[in-house]
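1. turn this into a structure:
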Amino acid sequence: MRTAIITFQDAQNYGAVLQAYALKTAVSAYSDTTILNYFNPYFHRNTAGHGLKCVIKTLLKHRSNKIKASKFNTFQRKYLTGEQELLLRESLMHTNLNFDYYITGSDQVWNLDCSGKDTTYFLDFVKSGKKCSYAASLGNYEAPDNNIFQKYLEDFYAISVRENSGREILQSAIDKKISITLDPTLLLDKEEWSKRFNLKFEEKYVLVYEVVTGHKLFEQAKAFAKSVNLPLICITDTDKLRIGAKVIKDASPEEWLNLFAGAAYVFTNSFHGVAFSLNFNKQFFVELLPPPAKKNTRIIEMLNRVGITQRMVSECMVQKPLNYNNINERMSLLRIDSHNYIKNLFTI
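-> As a prediction, the model looks like this:
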């Protein structure tokens with residue numbers, strides 16, 4: 001039995017490549033699994049802008065960007081796609097790949113604003129085989145109407161999404177069962193990640209991971225690190241100065257995992273920053289993006305599912321430590337349900 005996964009494996013984003021790795025690992029327990037080396041040109045467009053200021057910024061970041069890109073390419077070849085040649089949409093549309101199952105997900109594959117309006121992630125290229133999704137996210141995408149979901153999802157064999165908000169949107173559009181499953185990074189527990197990447201859980205510093213430039217995230221983390229007498233490490237792409245911290249802009253996915261493993265506390269505004277903090281049982285604090293941002297739903301839903309209602313950076317000095325006994329019990333049940341969804345794809 002052969003399964004193809006299509007996802008954001010070519011994005012230079014830690015969450016994107018690690019969720020792809022985890023989903024491939026979970027599906028491989030039941031099927032010979034391949035991640036299609038699909039090339040989405042939207043992820044590789046030039047976003048540097050124009051003008052002298054933008055050119056100077058690009059030149060200053062060139063070295064770290066080049067190192068980071070090389071590390072991501074190495075990870076992608078080693079763990080995700082092997083030495084496959086790139087697949088373009090045109091070739092996919094005119095080729096029968098002959099897989100038994102096709103899985104789209106996870107990540108924001110059904111957020112057309114995120115994918116550059118690429119409907120390949122709705123499996124519209126599949127000629128034969130069962131179409132499925134795993135923890136597909138609509139992100140903050142608001143469809144102008146339901147026609148797109150009716151058009152592309154009516155012939156799916158099984159559908160699961162990552163957020164309840166996504167399920168509600170799809171249920172208003174199509175008459176199918178819509179399951180909710182965990183982000184793939186949570187399918188592997190702390191011990192499994194540790195074993196696969198030789199992680200060291202030493203709790204030696206406060207870690208900041210900002211996927212976008214934080215509002216008060218860094219300053220709150222800096223003050224907190226001083227209060228607990230720990231050094232501060234910041235993983236960021238921002239151009240803003242991060243005085244008082246060791247700044248890392250070119251970590252590989254493996255190095256990123258180890259930085260999370262070694263942290264005593266985590267400050268983040270990232271969905272996957274929260275996911276790995278939960279999985280690695282870290283004391284963490286979240287900065288939600290201010291209005292009119294619509295990207296907070298996925299973080300809030302994930303926290304609610306494990307019984308966490310407050311963990312904001314603005315209250316980091318007075319928050320009680322998280323009780324991971326209760327959190328891990330809830331996560332274990334959610335993990336079992338999500339693994340069963342995958343298992344049932346191949347056994348029912």
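2. how about the helices of the stretch 51-200 of the chain, start to end?
-> 52-75, 89-93, 112-115, 147-153, 164-171, 190-197 (DSSP state H, counting those that start in this stretch).
3. the fourth one - contacts with which helices or strands?
-> Read that as helix 147-153. With contacts defined as 3 or more Cβ pairs under 8 Å, 6 or more residues apart in numbering; DSSP states H and E, helix 147-153 has these neighbours: helix 164-171. In short, each C-beta sits where N, CA and C put it, glycine included.
4. can you say which of the helices of the stretch 51-200 of the chain is nearest to residue 3?
-> Among those, helix 89-93 comes nearest to residue 3, with 16.0 Å by Cβ to Cβ.
5. got a list of contacts for that closest one?
-> 36, 38, 118, 120, 124-125 (Cβ atoms under 8 Å, 6 or more residues apart in numbering).
6. buried ones among those?
-> 36, 38, 118, 120, 125 (16 or more other Cβ atoms under 10 Å).
7. which residue is the nearest non-sequential neighbour of the fourth one?
-> Distance criterion Cβ to Cβ, 6 or more residues apart in numbering; nearest residue to residue 120, sequence neighbours excluded, is residue 89 at 5.4 Å.
8. just the pLDDT for the one you found.
-> Per-residue pLDDT puts residue 89 at 95.
9. tally of neighbours for it?
-> Residue neighbour count, defined by other Cβ atoms under 10 Å, stands at 16 for residue 89.
10. returning to that earlier point: pick the one among the contacts of helix 89-93 closest to residue 164.
-> For the contacts of helix 89-93, the nearest to residue 164 is residue 118 (24.7 Å; Cβ to Cβ).
11. so who does the closest one touch?
-> Contacts of residue 118 by Cβ under 8 Å, 6+ apart are 40, 42, 89, 112.
12. would you confirm that the second one contacts residue 120?
-> Meaning residue 42. No: between residue 42 and residue 120 there is no contact under Cβ atoms under 8 Å: 10.8 Å.
13. rewinding a little: reformat the contacts of helix 89-93 as CSV; add distance to residue 304 and pLDDT.
-> CSV is the format used below for the contacts of helix 89-93 (distance: Cβ to Cβ, whole Å; pLDDT from 0 to 100):
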residue, distance to residue 304, pLDDT
36, 33, 97
38, 33, 96
118, 30, 94
120, 32, 97
124, 33, 96
125, 36, 96
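14. between the residues you listed, which is closest to residue 330?
-> For these, the nearest to residue 330 is residue 36 (33.4 Å; Cβ to Cβ).
15. thinking again about what came up before, make CSV from the contacts of helix 89-93 and add distance to residue 341 to it.
-> Formatted as CSV, the contacts of helix 89-93 follow (distance: Cβ to Cβ, whole Å):
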residue, distance to residue 341
36, 21
38, 23
118, 25
120, 23
124, 23
125, 24
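16. just the residues you listed now: which is nearest residue 166?
-> The closest of those, once distances to residue 166 are taken by Cβ to Cβ, is residue 118, at 17.6 Å.
17. looking at the helices of the stretch 51-200 of the chain, which has the lowest confidence?
-> helix 52-75 (a mean of 72).
18. circling back to that earlier point, can you say which two of the buried ones among the contacts of helix 89-93 are spatially most distant?
-> Largest pairwise distance in these, by Cβ to Cβ, is 13.0 Å, between 36 and 118.
19. give me the buried entries from the contacts of residue 118.
-> For these, buried by 16+ other Cβ under 10 Å: 40, 89, 112.
20. need the contact list for residue 77.
-> Residue 77 sits next to residue 83 when contact means Cβ under 8 Å, 6+ apart.
21. can you count the residues close to residue 281?
-> Count around residue 281 with other Cβ under 10 Å applied: 15.
22. isn't it right up against residue 326?
-> No: if you go by Cβ under 8 Å, residue 281 and residue 326 don't touch, sitting 11.8 Å apart.
23. wait, residue 123 touches residue 6, no?
-> Yes: the pair residue 123 / residue 6 is scored as a contact, 7.1 Å apart, by Cβ under 8 Å.
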